[in-house]
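> fold the stuff below for me.
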Amino acid sequence: MLSLEETQKQIASYLDNRIANPVKILLIGQNHSESQLFCCQDFNPFEETVKIVQLISSREPKVSYRVLGEYEYWPCIRFFDIEHLPVIILIGNSDHGVRLYGFPLGYDLVSFLDTLIDFSIGFPQLQATTLQRLQIIKKPVHIKVFVNPSCIFCPVMSHLCNQFALASPYIRSDSVDTWFFQATAKAYNVTALPTTII
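The predicted structure is shown next:
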C-alpha cells in the first residue's frame, strides 16, 4: 500500500489539468475500524479513503466532497438506491448510476481517478461504434463488477463499465470490493477477479 505522500504525488500527476468541470464525491457510510474483517489495527480503509478524497479535493478545486455519517446517510439510501455501505458516488452534471462499494485503494485508485476524469468531461472515452451500440439499450441494465485492490486487471473492467453507465441512462455500474463484501461475493459465487455480472 502506498504511503499518503506517495498517494498524493500519484494523484497530483494523474489528474494534472484533466478535470474539466465540477464533480462531487459523496462518501456514504461510517467508520468500520472495529470490523472483524480488518486484522491490521493500524490500517482503517474508511479513514484512508477520506484522506484520499480530501487529497483530490485539495489538489483539484473543481472536485468537492462530502462525507455522510450514520446520522446523515439514511435519507440517501433510498434516493441513490444504495445496496451496501460504505459507498462512493460520483456526481457530475447528474448522477449517472456509478457506485463504488468499498474503497478506491491499491489498483482500484486508478479506475476511480479515470472515472472522475470522465465525469468531469461529461462523456466517456469510448469508440464511436461502441457509443452507437450502447444507444440501442432501452431497458435498465445493472452491471456488477467484483474487484479487489490487489488485482491489476480489475481497474480496466471497472472503468469500462463505469463508462457504459456514463454513456447510457439505462445502465448502472457497481464496483464491489470482494475483500470488504465477502458475503456478497460468495452469494454471487465469485471465484476469480474481475468477475462481471449483468
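
> what about the residue nearest the centre of the chain, distance to Asn17?
Most central in the chain under C-alpha atoms, centre = their mean is Leu100, positioned 3.3 Å from the mean C-alpha point. To Asn17, Leu100 is 24 Å away according to C-beta to C-beta, to the nearest Å. (Glycine included, C-beta is placed from N, CA and C.)

> now do the strands in this protein.
23-28, 63-68, 87-91, 95-101, 141-147, 171-177, 195-197 (DSSP state E).

> wait, which of those is closest to Phe164?
strand 171-177 (4.9 Å; C-beta to C-beta).

> dihedrals phi and psi, the closest residue to Ser150 other than its chain neighbours?
Nearest residue to Ser150, sequence neighbours excluded (C-beta to C-beta, 6 or more residues apart in numbering): Gly106, at 5.6 Å. With angles defined as degrees, to the nearest 10, Gly106 sits at phi 60, psi -140.

> what pairs with the residue nearest to the centre of the chain across the strands?
Counting by DSSP bridges, Leu100 is bridged to Ile88, Ser175.

> that older thread, in a markdown table, list the strands of the chain along with distance to Lys51 and mean pLDDT.
Shown next, in a markdown table, are the strands of the chain (distance: least, C-beta to C-beta, whole Å; pLDDT from 0 to 100):
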| stretch | distance to Lys51 | mean pLDDT |
| --- | --- | --- |
| strand 23-28 | 11 | 95 |
| strand 63-68 | 11 | 94 |
| strand 87-91 | 14 | 95 |
| strand 95-101 | 16 | 96 |
| strand 141-147 | 20 | 98 |
| strand 171-177 | 17 | 97 |
| strand 195-197 | 29 | 98 |
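
> got these as JSON lines, with distance to Leu126 columns?
Converted to JSON lines, the strands of the chain look like this (distance: least, C-beta to C-beta, whole Å):
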{"stretch": "strand 23-28", "distance to Leu126": "19"}
{"stretch": "strand 63-68", "distance to Leu126": "23"}
{"stretch": "strand 87-91", "distance to Leu126": "17"}
{"stretch": "strand 95-101", "distance to Leu126": "14"}
{"stretch": "strand 141-147", "distance to Leu126": "15"}
{"stretch": "strand 171-177", "distance to Leu126": "12"}
{"stretch": "strand 195-197", "distance to Leu126": "17"}
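
> Glu48 is nearest to which of these?
Across these, closest to Glu48 is strand 23-28 (C-beta to C-beta), at 11.4 Å.

> hang on, isn't Val50 packed against Leu27?
Yes. Counting by C-beta atoms under 8 Å, Val50 touches Leu27, with 6.6 Å between them.

> more neighbours, these two?
Taking other C-beta atoms under 10 Å, Val50 and Leu27 do not tie; Leu27 has more neighbours (22 against 16).
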